[in-house]
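> Let me see the structure of the following:
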Amino acid sequence: MAAMSGDFSGCSVLIYDEAGNHLGDSVVTSYDKASLRIEVQMMPYSLDAGAGCRLLILSAPIPYEFLGRVAREGAKKVIAMYKGKEKESRGSMRYKVNYPALIENLICDNRAYPLHTPLKVTLLNISKSGVRFRTPHYSMTVGDKFQMRIRISDTEKLLIADVINHVDKESISSEYGCRFLVGSEKVV
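Predicted coordinates:
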């Protein structure tokens, strides 16, 4: 569980119920690796103590997904992660989103090249292993590598990904399935 060794403080987090329904977004305010506890800036009101939830933490270069249960610690609600329940990247759950994002740089030979005009995209879903987005027109091809800036809950993350599939939608928009690339944070 390499992810558990990191510190997620300050990372944006998407919060879902156990069925995958989006409940809200927040920022990780503290992360205790020893007790497997995460405190978030704002807990969704619909999550009571004892409720199960899923977290998608937008850490760079790739997000991490955790299963947890809401616990009460004094006046605070925190999410207690199930020990050893970090989700595997194979078959990771896709979470529906509707967020704007920017593709700012294309990557070639491990070097970032800024786009003259960043490409505005709409995120359709996100998982631990990748993202699907829509653009108003055909703009990328399978194999393209890029840096995407995502802003959620007043924090920003640059994520590195490459295009693995592409579908045109009625010649007015295109959708791209992309996977996050591990080890590419050096490009930033």
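
> wait, what's in contact with the residue minimising distance to the centre of the chain?
Nearest to the mean C-alpha position of the chain, by Cα atoms, centre = their mean, lies Leu58 at 4.0 Å. Going by Cβ atoms under 8 Å, 6 or more residues apart in numbering, Leu58 touches 11-14, 150, 152, 155, 157, 159. For every residue, glycine as well, the C-beta is placed using N, CA and C.

> With distance to Tyr113, pLDDT and secondary structure as added columns, please give the residues you listed in CSV.
What follows is the contacts of Leu58, written out as CSV (distance: Cβ to Cβ, whole Å; pLDDT from 0 to 100; DSSP: H, G, I helix; E, B strand; the rest coil):
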residue, distance to Tyr113, pLDDT, secondary structure
Cys11, 27, 87, coil
Ser12, 26, 88, strand
Val13, 31, 89, strand
Leu14, 29, 89, strand
Ile150, 20, 87, strand
Ile152, 26, 79, strand
Thr155, 25, 77, strand
Lys157, 20, 80, strand
Leu159, 17, 85, strand
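
> Distance to Lys120 and neighbour count for those residues - can I get that in a markdown table?
Shown next, in a markdown table, are the contacts of Leu58 (distance: Cβ to Cβ, whole Å; neighbours: other Cβ atoms under 10 Å):
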| residue | distance to Lys120 | neighbour count |
| --- | --- | --- |
| Cys11 | 23 | 23 |
| Ser12 | 19 | 23 |
| Val13 | 24 | 26 |
| Leu14 | 20 | 22 |
| Ile150 | 12 | 21 |
| Ile152 | 16 | 20 |
| Thr155 | 19 | 17 |
| Lys157 | 17 | 18 |
| Leu159 | 16 | 25 |
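
> What residues sit buried inside stretch 92-106?
Buried residues in stretch 92-106, counting neighbours by 16 or more other Cβ atoms under 10 Å, are found at 92, 94-95, 97, 99, 101-106.

> how's this structure carved up into domains?
As given by automatic domain parsing, the domain ranges for the chain are 2-86, 95-187.

> mean pLDDT for those: which is lowest?
If those are sorted by mean pLDDT, domain 2-86 sits at the bottom with a mean of 79.

> Run the chain-centre distance for it.
13 Å (Cα atoms, centre = their mean, to the nearest Å).

> Then stretch 147-163?
Relative to the chain's own centre, stretch 147-163 is displaced by 8 Å; criterion: Cα atoms, centre = their mean.
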